[in-house]
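In: need a structure here:
(chains A, B, C and D)
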There are 4 protein chains.
Amino acid sequence: MAVRVGVVGVGVMGADHARKIATVVSGAELVAVSDFDATVADCVAAELGARVHADGVALIEDDDVDAVIIATRDDTHAGLVRAALRVGKPVMCEKPLAPTAAESAALVQEQAGAELITVGFMRRFDPSYVALRERVVRGELGAPLVAHCISRTVSAYPGGDSASSITNSAIHELDIVPWLLDSPIIEVSYQHGRSSANAGTRQDPQIYLLRTASDVLVTVELFLNARYGYDTRCEIVMETGAVALTLPAHVVTDAERHRGVDYPADWILRYSDAYRIELQEWVDSLNQRRSSTLAGAADGLRAAQVADALVASMHSNGAWTAVAD
Amino acid sequence: MAVRVGVVGVGVMGADHARKIATVVSGAELVAVSDFDATVADCVAAELGARVHADGVALIEDDDVDAVIIATRDDTHAGLVRAALRVGKPVMCEKPLAPTAAESAALVQEQAGAELITVGFMRRFDPSYVALRERVVRGELGAPLVAHCISRTVSAYPGGDSASSITNSAIHELDIVPWLLDSPIIEVSYQHGRSSANAGTRQDPQIYLLRTASDVLVTVELFLNARYGYDTRCEIVMETGAVALTLPAHVVTDAERHRGVDYPADWILRYSDAYRIELQEWVDSLNQRRSSTLAGAADGLRAAQVADALVASMHSNGAWTAVAD
Amino acid sequence: MAVRVGVVGVGVMGADHARKIATVVSGAELVAVSDFDATVADCVAAELGARVHADGVALIEDDDVDAVIIATRDDTHAGLVRAALRVGKPVMCEKPLAPTAAESAALVQEQAGAELITVGFMRRFDPSYVALRERVVRGELGAPLVAHCISRTVSAYPGGDSASSITNSAIHELDIVPWLLDSPIIEVSYQHGRSSANAGTRQDPQIYLLRTASDVLVTVELFLNARYGYDTRCEIVMETGAVALTLPAHVVTDAERHRGVDYPADWILRYSDAYRIELQEWVDSLNQRRSSTLAGAADGLRAAQVADALVASMHSNGAWTAVAD
Amino acid sequence: MAVRVGVVGVGVMGADHARKIATVVSGAELVAVSDFDATVADCVAAELGARVHADGVALIEDDDVDAVIIATRDDTHAGLVRAALRVGKPVMCEKPLAPTAAESAALVQEQAGAELITVGFMRRFDPSYVALRERVVRGELGAPLVAHCISRTVSAYPGGDSASSITNSAIHELDIVPWLLDSPIIEVSYQHGRSSANAGTRQDPQIYLLRTASDVLVTVELFLNARYGYDTRCEIVMETGAVALTLPAHVVTDAERHRGVDYPADWILRYSDAYRIELQEWVDSLNQRRSSTLAGAADGLRAAQVADALVASMHSNGAWTAVAD
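Out: Residues are numbered from 1 along each chain as shown, chains lettered A, B, ... in the order given. Sure thing, here's the model as predicted:
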């Protein structure tokens, strides 16, 4: 009766998903994995007791697979999602749906079955973001007026550029901001100053201004080479008060003339609970034959469109740029 | 292949266990519940899709039940544990095993099967306590020298007395301290001063001094009517530094000239993750036919013996009192 | 041998200065006060044992007055500063030197004695800002890349408009940012979204982008009607780490399911130490016949020029606007 | 008109007092210093523009000295205080008044002029302790029930023993606790466990239980070789809430996977403001010919008596010991 899940792509992210499905998600079973690197696939399969498919499409078409998680390289997502839709199987695809908003739009609009697609914007399930949104929704402090988001990581993946900082990394901010404020982003401006000596040819840090349909102005700092730790912050300022994420930490240490807490090294540690809860909700929705609260295809498309507008602003010297519908 | 779990006693605590087994623990299935209040049992069963047994022993003996959780009134624990051991089924019993250390000792020593017993000292699975212990074990700051524990709740259950504060509430401290310090408590002293106006005939707050075999001196404050919130604190002071639990909070609020975070109202909210992880480990151990890292019968007995020594100290004007073996 | 100080304007701010000169600044003596409201002047004089002058210029020309503090209405500052320069007396003028940058420039450039002028940018003496700057200067975390400033107050003074938010309130940010980053602001952009229901015709909150000569990009939020408290924040992000002001608080309170600290109600409470230290440095510099580390006339002028550029950007739909030299 | 102050003993503590009198206390003037080490005295005198006396008593008898600060070795305090009383000059004596409570009692009781004595319990002027006391006095959270104090320093002075930890270091706790709770300490118990490897022959850390006349039970940890920093904590638990000192810090730093604040290295840094405010109050009281809010001779004596009781408890295996009147 458990949902039988297959995972395509078991690198760091996909292996984490596979492990959670196999060991901490109720009502699901890991039955198959695949990876372009056969050794990696074998290793994960052996650890978790799953079958290996040499090819992602073959896994998707396997009759023993009820539902599919896609965690492969970005440029393969759209093709694999299409394969899942063809056989009518629910698919949880890591962001982005496709490398460009146009391709995402094509995917969403071209064919039946978009309701089978969910997108891995796990922050929506992070207990901190959930608590933050709950405070906004509750309305005790009045309507939101401005918000400030900061997203810092230890170091950027090699090989990216200023645009990929937006489309690959900032994309999480671009999804979560409208979710928190319950209003879509309609206009954006890209700004930058001095870059880190570690930034290579990339502009890093970057600053964005986002405007929602409700006219909330949002500042975002994205800094991929921040070095000191993986650090996500968000504050929402309302009429009579403000609410912000805390830095999650279990213990505080006193040592060497210093009192402090540790940062997680990466997003998998920071969002471990969020991933678990997201997968549980996805599996529950499948078992209960209802729609889930995960981000859907339209959400994935919208975030990509906002990212595109930011890239366009970047190429227009920071001009305010409308988000295409 | 999932472990089929039955829950005896589905009041607040037991219903929470039942719900977790049914919805967020991997590899388990909730098959049966029972409660002395049939309406309560029916309600939980209907919500979670389990069968109802009118009687706890009948549930335990049900062939469809592989493993049993006991969350009934304290004075029924020992009898139900015995029933489970008789049919050779693993049992997770909420603390205490029995109302007195002597009865717990009888239970542990009298018959085969004590290895089937685990005791619900969930703090051992709380990520904060785990991180705290990990810092002690790692040894970077040297050996522990003193520790300070504080356990405050909003209000005491009606009907208790000074002794039941120790045996029912402080018992969690008495289990976690030796677990954290990796050394048993060998000597205790009970102290008190002025009691809260809300304390009734109970001495509340109470202060304990505990001494481990490794000669770490521990102060404990237990304050059941602290009113302001459910607040558990622990600090371990080592040779060159100290580590302490943080107050877990997802968001910080600015409002009305104040910046702050909220306290949970009770232990079920504070230890929600701990309960889930504890149950997952229990189920995993059953599925993998290995011993678990849950507290065992000997741990439950030891905590009861330390509690007894504290009660004895209370009756001896606070004298240092050795813990009976 | 003590410096004999006269204070022109003893409203809330000036009375605080007078009180500090009289009671907690070493090497100074309060000898005279004046105020356009004679009752106020009499009251402060009686409390602190000073003489009253009906007229500010008469106070300035009093032979028993060695040095003058000006804390009157903004539009009277320039005339009083001129009066002090005419008689060659050192003057500590609350910001701004003059209502417009042009008038400030005229004052600074027209006549001898500008070195006698200091401007009351007290944040330069706040221990938190001093510690923040010290960390930047020390350079351990590398060069500054971006900075984020937030300045919130409980409610705006009545009668102002969007421009006066900049010239009167944000002016402190416009002085402290280049002081912290050791580089002048050369370009600014004014942004706003939805305003608070309490904002009247004013745009509030406002967001600014500032760029220093060293190409550090700075975001500033100014929110005068933030209601919840007086809250000044600043974070400087460097190559390998970040440093930020703490919220100063002496005690933390647990009550009503909440743990938190109190905000000061206003700037006089928040910056009480800063004012004292600033005045002490001013008096010391006079006694020691050396230049002080207070902001000088050129600093006051520069901040006014940055404010003017922000107002110009506001009138140009947020366009990046160069700061005039 | 300023109070002319002489400082006897200008080691680290005395030089700090001399510097504050000379540079940041209003209404006072530093006129003379002396020290058993003539080079030290000359150096401080040169820096601050004071005269040097070879002998403390000569300084005290100098007609140009109105009031005296004593910051010499503990065993010289009583003699110097006597010298000041003989010539009727106010004296601010660093704790302790005398090496033993008996000698302090003799000093206080034997002769006229005890009202001229104040004792340097500077914590009474620390803004944090003042805020803490204010919350207790305000009574919003009900009566105090228990309190927890922690006093940790980087390393113990060489040459002390377990008793001198109490009489020299813990003495500050023994003064501040009754001041905070507005009730004298009437009974004490000394406890210890494992000592730090750095403790030498001293028991360190030490734990005390104190009981006030109002039956508030107080736990105190004193740990002189805590290594990690100079750390003073205090929490007072009342009927419906608790109030505690914060760790004062101006900035928070993010670096190397860590977020934290720095500890001061010693008491002079931690209590810098307290010393300044204490000296200002002392000088103000002299200028205004009124009694001050500094600790008086009776307070110094009482703290010494509580310390004696703790030493007696230490020699009685931790037995509860009444404080002698």
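In: all contacts plus neighbour counts: C-alpha atoms, from now on.
Out: Noted.
In: Report the closest residue of the stretch 1-150 of chain A relative to chain D.
Out: Residue nearest to chain D within the stretch 1-150 of chain A: A:I150 (13.7 Å; CA to the nearest CA).
In: In contact with that residue, which residues?
Out: A:I150 is in contact with A:220-222, A:231-234, counting by CA atoms under 8 Å, 6 or more residues apart in numbering or on different chains.
In: what do you get for A:R124?
Out: Going by CA under 8 Å, 6+ apart, A:R124 touches A:130, A:176, A:179, A:274, A:294.
In: for it, phi and psi?
Out: Here the main-chain torsion angles of A:R124 (degrees, to the nearest 10) amount to phi -60, psi -20.
In: And the pLDDT at it?
Out: pLDDT for A:R124: 98.
In: tell me the two of the contacts of A:R124 that are most distant?
Out: Pairwise distances across the contacts of A:R124 (CA to CA) peak at 15.3 Å, for the pair A:W179 and A:A274.
In: which of those two has more neighbours?
Out: For the pair A:W179 and A:A274, the greater number of neighbours falls to A:A274 (22 against 18), based on other CA atoms under 10 Å in any protein chain shown.
In: quick one: pLDDT of that one?
Out: Confidence score, pLDDT, at A:A274: 98.
In: related to what we said a few turns ago, top of the contacts of A:I150 by neighbour count?
Out: Top of these by neighbour number is A:E221, holding 26 neighbours under the definition other CA under 10 Å.
In: residues contacting it?
Out: A:E221 touches A:149-152, A:205-208, counting by CA under 8 Å, 6+ apart.
In: how about JSON lines for those, with secondary structure added?
Out: Listed next are those as JSON lines, based on DSSP: H, G, I helix; E, B strand; the rest coil:
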{"residue": "A:C149", "secondary structure": "strand"}
{"residue": "A:I150", "secondary structure": "strand"}
{"residue": "A:S151", "secondary structure": "strand"}
{"residue": "A:R152", "secondary structure": "strand"}
{"residue": "A:P205", "secondary structure": "coil"}
{"residue": "A:Q206", "secondary structure": "strand"}
{"residue": "A:I207", "secondary structure": "strand"}
{"residue": "A:Y208", "secondary structure": "strand"}
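In: Going by distance to D:M92, which of those wins?
Out: D:M92 lies nearest to A:I150 out of the contacts of A:E221, by CA to CA, at 52.3 Å.
In: Distance-wise, check the closest one relative to chain B.
Out: Between A:I150 and chain B the computed distance is 15 Å (CA to the nearest CA, to the nearest Å).
In: ditto for A:Y208
Out: For A:Y208, the distance to chain B equals 23 Å [CA to the nearest CA].
In: burial of that residue, as a residue count?
Out: By other CA under 10 Å, the residues close to A:Y208 number 22.
In: Repeat that for A:F121.
Out: 25.
In: quick one: contacts for it?
Out: A:F121 neighbours (CA under 8 Å, 6+ apart): A:94-95, A:172, A:175-176, A:294-295.
In: Chain B contacts on the stretch 201-325 of chain A?
Out: Proximity of the stretch 201-325 of chain A to chain B (CA under 8 Å from any CA of the partner chain) is limited to residues A:240-256, A:280.
In: Go through the residues you listed and flag which are in strands.
Out: Of these, the ones assigned to strands by DSSP state E are A:241-245, A:251-255.
In: Residues touching stretch A:34-54, excluding its own?
Out: Against stretch A:34-54 from outside (CA under 8 Å, 6+ apart): A:7-11, A:15, A:18-19, A:22, A:30-33, A:55-56, A:59, A:72.
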